[in-house]
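K.L.:
Sequence and predicted model, in that order:
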Amino acid sequence: MDDEGVPDAVLARRAALHDHAAFGAIVDRHGPALYRYARRMLDDPADTEDCVQEAFASAWTALPQFEGRSSLRTWLFSITAHKVRSLQRRRARGALPLPFSLDERADPRVADPQRSLERSDLLGALNVALRELPDGPRSAWLLREVEGLSYDEIAHISGTTASTVRGQLHRARAHLLKRMEEWR
Amino acid sequence: MNGQQVLDQATRALRQHTDAGWVALRDDVVAAAVRAFRPAAPIRGRSADGELWVASTVLVAQVRAALDGLGDAAALRITCTTTSDGDLDRLTVEVVALFGTPLVPLAGRIRARAAAAVAATLALDTPPTSLVHVDVSVQDVTDDPEAL
């Protein structure tokens, strides 16, 4: 069955009833965004893999209890953000984050090598600037500006208030603007 | 381009970006996740050859698969209760139905499909509908076939 146009709520319901194909469709639909978020929050490929794997395993286990009070996307980001925080706490203090490797910055879907390189440079500069941000503002900016979640959804995911999110976003935007201005 | 425009462009690029790490991880994620434990009760099947124990999650999956393709309804929730001996007491199928579907015949079709799936899964030798008690509950109706 082609699950491309199937609403999230239907996929969640099917996956809750042990439909592996529906769960695969959920993973395909939301996995890239969850990975993108976790990768930039954790700065480490191995931690990111652990985080995303654990998040989806938790989602599979908990799907029968998912009642749709939030969207599936917000629910999955909540689980992932929780895993991110757990990994950050567990991670040895003082360990230096690994830099983004070139092969991770290059997007193989871009056919034009020159455009791909410019795009990689731009993404690389943004990744560096993001890494300089504290966890809260970085998370708020990624969830708002990249993933398009609302202030209330971000507050729910982060266990904070919408006004705190607003402040974190303000701080993140100012820092990123300054860094990208310098990069230009 | 000013700084804001550069930031906007970088943000758009990140929004469209799929990390190579994700592409490599995808299959492992699905395989590992579906191996994760879901709480399940063991249910006893009986046949001439002996007993067969099946996890309730497996039974639910089989019944759900049997109800796929009904066309005018879809399973919302499937629950089973067991006796103290582990025998299936009753199966409850909650469904969403397409608006306008005659509900009594629909319930009959659901009961028959679910009972057949239970009988096949638990290796029951006797006629399934007389042995398997299936309750059908229509929880919702929709006029959107995509919602099934």
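P.N.:
Yep, that arrived. All values derive from a computational prediction rather than experimental measurement.
K.L.:
Any idea which residue is closest to the centre of chain B?
P.N.:
In chain B, the centroid-proximal residue (C-alpha atoms, centre = their mean) is residue B:64; its distance is 4.3 Å.
K.L.:
can I assume that residue sits in a strand?
P.N.:
No. Residue B:64 sits outside any strand when classified using DSSP: H, G, I helix; E, B strand; the rest coil, being helix.
K.L.:
which residue sits closest to it, ignoring its sequence neighbours?
P.N.:
The spatial neighbour of residue B:64 that comes closest, neighbours along the chain excluded (C-beta to C-beta, 6 or more residues apart in numbering or on different chains), is residue A:17 at 4.0 Å. Bear in mind the C-beta positions are built from the backbone N, C-alpha and C, glycine included.
K.L.:
hang on, the earlier thing: what residues does the residue nearest to the centre of chain B make contact with?
P.N.:
Counting by C-beta atoms under 8 Å, 6 or more residues apart in numbering or on different chains, residue B:64 touches A:14, A:17-19, B:75, B:78.
K.L.:
Mind checking which of these are in helices?
P.N.:
Under the assignment DSSP state H, the contacts of residue B:64 contribute residue A:14 to helices.
K.L.:
could you pull out the helices for chain A?
P.N.:
Using DSSP H, helices in chain A cover A:8-16, A:20-42, A:45-62, A:72-90, A:102-105, A:113-131, A:135-141, A:151-158, A:162-183.
K.L.:
burial of residue 6, as a residue count?
P.N.:
I went with chain A, as the question did not name one. For residue A:6, the neighbour count with other C-beta atoms under 10 Å in any protein chain shown is 18.
K.L.:
wrong one, I was asking about chain B
P.N.:
Neighbours of residue B:6 under the rule other C-beta under 10 Å: 21.
K.L.:
got it, and residue B:95?
P.N.:
Neighbour tally, residue B:95, other C-beta under 10 Å: 25.
K.L.:
For the closest residue to it other than its chain neighbours, give me its contacts.
P.N.:
Nearest non-adjacent residue to residue B:95, counting by C-beta to C-beta, 6+ apart: residue B:73, 4.7 Å away. By C-beta under 8 Å, 6+ apart, residue B:73 lies in contact with B:67, B:95-98, B:101, B:106, B:110, B:138, B:148.
K.L.:
Just checking, which of these comes out lowest on pLDDT?
P.N.:
For the contacts of residue B:73, the weakest pLDDT value sits at residue B:148, with 88.
K.L.:
residue ranges with poor pLDDT in chain B?
P.N.:
Scanning chain B for pLDDT under 70 picks out the ranges B:125-130.
K.L.:
Strands of that one, residue ranges please.
P.N.:
Secondary structure of chain B (DSSP state E): strands at B:42-47, B:50-55, B:73-82, B:88-98, B:134-142.
K.L.:
measure residue A:75 to residue A:149 for me?
P.N.:
For residue A:75, the distance to residue A:149 equals 12 Å [C-beta to C-beta, to the nearest Å].
K.L.:
repeat for residue B:31
P.N.:
28 Å.
K.L.:
ok, now residue A:60?
P.N.:
Residue A:60 is 22 Å from residue A:149, by C-beta to C-beta.
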